[in-house]
Structure formats: C-alpha cells, structure tokens
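In: Structure here, sequence nowhere to be found:
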C-alpha cells in the first residue's frame with residue numbers, strides 16, 4: 001500500500017526546463033555563451049556538453065534553442081543512448097541526412113547531400129587509376 005501511495009508522487013522531473021530556475025542563471029549564461037561561440041564563425045561548429053545525470057545539459061540545449069529561434073538556426077537532435085548496442089555512426093548520419101534533405105528544395109542540392117551520406121557510410125567510392133604500360 002505504501003508503495004502505491006509513493007509511486008504517484010514524482011520528485012524529480014526528467015524533462016528539460018523551458019527556463020533557468022536557478023537564481024545564479026548559470027544555465028542561461030552557459031546557453032548564451034554556447035550560442036555566441038557558434039555565431040562567431042571561428043571554426044567551432046560542434047560543442048559538447050558534459051555533466052552528471054540531472055545537471056541541466058538538456059535544459060541548456062533547450063535554452064539555446066529558445067535564444068536562437070528567430071535567428072534561423074536549425075537543430076538536429078540525436079539521442080545516442082537509443083543506439084548504444086547498434087550502429088551509432090550509421091544512425092547519426094541517417095538522422096542528419098534526413099534533417100538536411102527535408103530543408104532542401106532543389107534536386108541538385110538533394111543529390112549532393114545523398115552523395116555525401118553515401119560517402120560517409122562507405123557506400124560510394126571514387127578513385128583515380130594511373131596506368132603506365134606499353135604494349
């Protein structure tokens with residue numbers, strides 16, 4: 001009976017917050033710093049967030065999405081934990097491919113993206129052969 005009563009209460013919500021609830025606003029400052037870094041065009045195109053379970057990584061990502069929403073940024077979400085026992089690289093490439101192709105409106109661009117996907121997956125090979133023989 002006690003287990004049934006306790007199970008209806010949830011003390012920790014496993015969802016990203018839509019706002020920084022801490023007085024220090026550390027999650028919001030982190031989100032702004034990440035977005036500023038991506039906007040600077042300094043060669044940094046990929047940023048990793050590391051932290052303990054429940055430390056607010058997903059909240060920071062959610063805040064970045066909100067801050068950048070009107071600026072034309074597109075987000076592709078990939079949950080690596082769903083693919084721990086499978087082909088993670090293939091799943092990531094397919095996820096990115098699907099997101100990019102969905103945004104394109106011309107066939108030439110789509111063909112370039114399809115070719116890039118096939119090269120990344122190892123399905124497309126190009127080589128140059130030099131023959132130095134005399135008959």
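Out: Right, received. Where do you want to start? For clarity, every value in this text was computed on a predicted model and none was experimentally measured.
In: Who are the contact partners of residue 38?
Out: Shown here is residue 38, whose contacts under the criterion C-beta atoms under 8 Å, 6 or more residues apart in numbering are 44, 45, 47, 73. No exception for glycine: its C-beta is placed from N, CA and C like everyone else's.
In: in stretch 90-99, what's buried?
Out: In terms of neighbour count (16 or more other C-beta atoms under 10 Å), stretch 90-99 has its buried residues at 93, 96, 97.
In: Out of those, flag the one nearest to residue 25.
Out: residue 96 (31.8 Å; C-beta to C-beta).
In: so the closest one touches residue 76, yeah?
Out: Yes: at 5.6 Å, residue 96 and residue 76 qualify as touching, with contact defined as C-beta atoms under 8 Å.
In: quick revisit: can you tell me which of the buried residues of stretch 90-99 is nearest residue 35?
Out: Of all the buried residues of stretch 90-99, the one with the least separation from residue 35 (C-beta to C-beta) is residue 96, at 20.2 Å.
In: Give me the contact list for the one helix or strand that closest one maps to.
Out: Per DSSP states H and E: residue 96 is located in helix 88-103. Helix 88-103 is contacted from outside by 74, 76, 78, 80, 82-83, 110, 113-114, 116-117, 120-121, using C-beta under 8 Å, 6+ apart.
In: what does whichever helix or strand comes after that helix contact?
Out: Next in sequence after helix 88-103, counting helices and strands by DSSP H and E, comes helix 107-121. Surrounding helix 107-121, the residues in contact under the criterion C-beta under 8 Å, 6+ apart are 90, 93, 94, 97, 100, 101, 104, 124.
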